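Student: Need the 3D shape of this:
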Amino acid sequence: MAEEPKKVATPAKKPTPGEFIRQVRSETSKVVWPTREETVRTAIFVFILVVILSLFFLGVDSVFGWVVQQLLALL
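Tutor: Numbers count the residues shown, from 1 in each chain. The predicted structure is shown next:
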């Protein structure tokens, strides 16, 4: 059987600045931007999760700190 010739990748041609701007505008028009309501709802959700996780890690850190103090007191 004959081997297929290997294809050599040719470097992509750089677009001109004007063409680049047109491509960027075309791609950004495809983006689905969130509504104001979605953005506010997401921000509130993130804030609540930050508070919950902060309290959780405060508790874990306090427990570990207490354990370390107790262990050091034994020395």
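Student: Name the helix or strand for Lys13, please.
Tutor: Element membership of Lys13, judged by DSSP states H and E, is empty: it is in no helix or strand.
Student: That one and Glu4: what is the separation?
Tutor: 26 Å (Cβ to Cβ, to the nearest Å). From N, CA and C alone the C-beta is placed, and that goes for glycine too.
Student: Give me the longest helix you can find in the chain.
Tutor: helix 36-74 (DSSP state H).
Student: ok, residues contacting stretch 3-20?
Tutor: Contacts with stretch 3-20, where a contact means Cβ atoms under 8 Å, 6 or more residues apart in numbering, come from Gln23.
Student: Grab the most central residue of this protein for me.
Tutor: Central residue check for the chain by Cα atoms, centre = their mean: the C-alpha nearest the mean position is that of Val46, 13.7 Å away.
Student: where's that residue relative to Leu53, distance?
Tutor: For Val46 relative to Leu53 (Cβ to Cβ), the value is 10 Å.
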